[in-house]
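> pasting the sequence and the predicted model now:
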Amino acid sequence: MKKLIYLSLLFSLIFLTCNESVVQEPLPAGSLLLDSKPEGASIYIQGTFENQTPSTIKNMAPGNYDVRIEVEPGVDSSFVTEVKYVLNNSKTIDFENKMGKCLFQSTPSGAEIFLDGINSNKKTPALLTYLMTGMHSYKLQLNGDIVQDNFFISPGELKNIDCDFNSLNSEGSIFISSSPEGAQIWIAYQNSGKVTPDIVTNLIPGQYPITLKLNEYRDTSFTAIVMAGLQTMEYISLTPALSVTAYGPVRLFESSGTSTGQPSGLDLSSGNAYSLSGADRDKIDIYYSTDGTGGTPYLLQSSDLFPGLIRQTYFIVGGGYNIIDGVASPAFPFGGWSNNMDDREDNYVFLYDEDGHYSKLIITNYGGGTVGDPSWVEVKWIYNNTASDTRF
């Protein structure tokens, strides 16, 4: 019996010993190498300061860590990184190429520098570093005089801003940009020799008439105000030059009872009249219809109303009879456009054709209407060569 008890105790001891032997050992620690450009940035891990870059943080348990690298107060980079066991993990933050710098100078020196509304606690000359990419505002202040403006920083850019406080009471400048670029800058009716975008400097404070000139665009004139010691900024969108062709008078005959030598159709873009059955019938935009539309005969109407033709043209009656009065067309499709006009309409009529071009047409004469003498109308019109341009 004693021997049985002894063996039982021995087996229990062996069982307990085996259970203790399967307890899992902790994974080996890893390390994290942190560096930055420039070096010397503060390293914070899980919110706690550790060291300055470059530095290797050792004996880190595997897992994810919140890391913040601060190159100077307010300029930092935060991220989550994973530390794996045994491995040497690394991360480098490049502040220099992701941000820009700005050198502020002034004559005389010693001007206080404010950036984005905050006092930098620096005075000119001074280099402000680690500026985020994008638009910034600055103010230089010296003995009560203030110069302020905006500037744009690109990644890795060194911007240079130099202010002459001695000229505050005498001169200013104008920065002029246009869309598209490349327009001649005329100031006070004289060619400055500059093209957009550029700066016109050494201007006495006051109002200046400016004109921008660019081929294939209308001259654009405006007035710029120059203030002492400041730069006026002007951004101008140029308007394409008006390109139109005048046609007529062209005679159109009614569509019934006429010969091939008495054309009824009209191509607005070329100014040619064509027979409804001729080889060029597919070019026809409008035609003079005997039967008309909706029970009303003798109409000038869209060619797609004639069998076999497909080009659509729309009509809207204008408010005058002088087609060179400079009045622009209403924009299609707003304002009551239709597919025809009366052959005795006195006012000019705006047309919008299949190709998106506008015309301004007026009936100048009419006749016929007797046996052997078919009805006819004569029309004149202005064709705008630029699609979607309503100007005339």
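Received the coordinates, thanks.
> return the distance of Phe332 relative to Gln312.
Phe332 is 11 Å from Gln312, where distance means C-beta to C-beta, to the nearest Å. Just so you know, the C-beta spots here come from the backbone N, C-alpha and C atoms, and that holds for glycine as well.
> ok, the two, which is more surrounded?
Between Phe332 and Gln312, Phe332 has the larger neighbour count (other C-beta atoms under 10 Å), namely 17 against 14.
> list the contacts of the more buried one.
The neighbours of Phe332, taking C-beta atoms under 8 Å, 6 or more residues apart in numbering as the test, are 314, 352, 358.
> can you give me the domain boundaries for this protein?
As assigned by automatic domain parsing, the chain contains the domains 30-96, 99-167, 172-237, 244-384.
> out of those, the one nearest Thr390 is which?
domain 244-384 (4.4 Å; C-beta to C-beta).
> what sits against Ser338?
314-316.
> no, scratch that, I was asking about Thr293
Contacts of Thr293 (C-beta under 8 Å, 6+ apart): 299, 301, 305, 339-340.
> partners of it in the sheet?
For Thr293, the beta-bridge partners are Thr296 (DSSP bridges).
> separation between it and Ser338?
9 Å.
> hang on, isn't Leu131 packed against Phe151?
No - if you go by C-beta atoms under 8 Å, Leu131 and Phe151 don't touch, sitting 9.5 Å apart.
> can you pull out the helices in this protein?
2-21, 95-98 (DSSP state H).
> could you pull up the mean pLDDT of the first one?
Rounded to a whole number, the mean pLDDT of helix 2-21 is 46.
> go on, stretch 312-321?
The average pLDDT within stretch 312-321 is 97.
> cool, and stretch 144-158?
88.
> pull out the buried residues from that stretch.
Going by neighbour count (16 or more other C-beta atoms under 10 Å), the buried part of stretch 144-158 is 145, 147, 153.
> what's the closest of those residues to Ala241?
Nearest to Ala241, judged by C-beta to C-beta, of the buried residues of stretch 144-158 is Ile153 at 37.0 Å.
> double-check the closest one against Lys159; I have them as touching.
Yes - assessed by C-beta under 8 Å, Ile153 is found in contact with Lys159 at 6.0 Å.
> ok, the residue positioned nearest the centre of the chain - contacts?
What sits nearest the mean C-alpha location of the chain, by C-alpha atoms, centre = their mean, is Ser179, with 10.0 Å. Residues counted as contacts of Ser179 (C-beta under 8 Å, 6+ apart) are 235-238.
> buried subset of those residues?
If you count burial by 16+ other C-beta under 10 Å, the buried members of the contacts of Ser179 come out as 236, 238.
> tell me the one of the contacts of Ser179 nearest Asp219?
Leu238 (9.0 Å).
> and the closest one, how far is that from Arg218?
Distance of Leu238 to Arg218, computed by C-beta to C-beta: 7 Å.
> how far does stretch 383-392 stretch from start to finish?
Stretch 383-392 stretches 9 Å from its first residue to its last (C-alpha to C-alpha, to the nearest Å).
> typo on my end, stretch 96-114
End-to-end distance of stretch 96-114 (C-alpha to C-alpha): 22 Å.
> by neighbours, which of the contacts of Ser338 wins?
Ranked by neighbour count (other C-beta under 10 Å), those have Phe315 at the top, with 23 neighbours.
> residues in contact with that residue?
300-302, 337-341, 349-351.
> okay, the nearest residue to Gln231 once chain neighbours are set aside: pLDDT?
Distance criterion C-beta to C-beta, 6 or more residues apart in numbering; nearest residue to Gln231, sequence neighbours excluded, is Ser173 at 4.7 Å. Per-residue confidence (pLDDT) for Ser173: 91.
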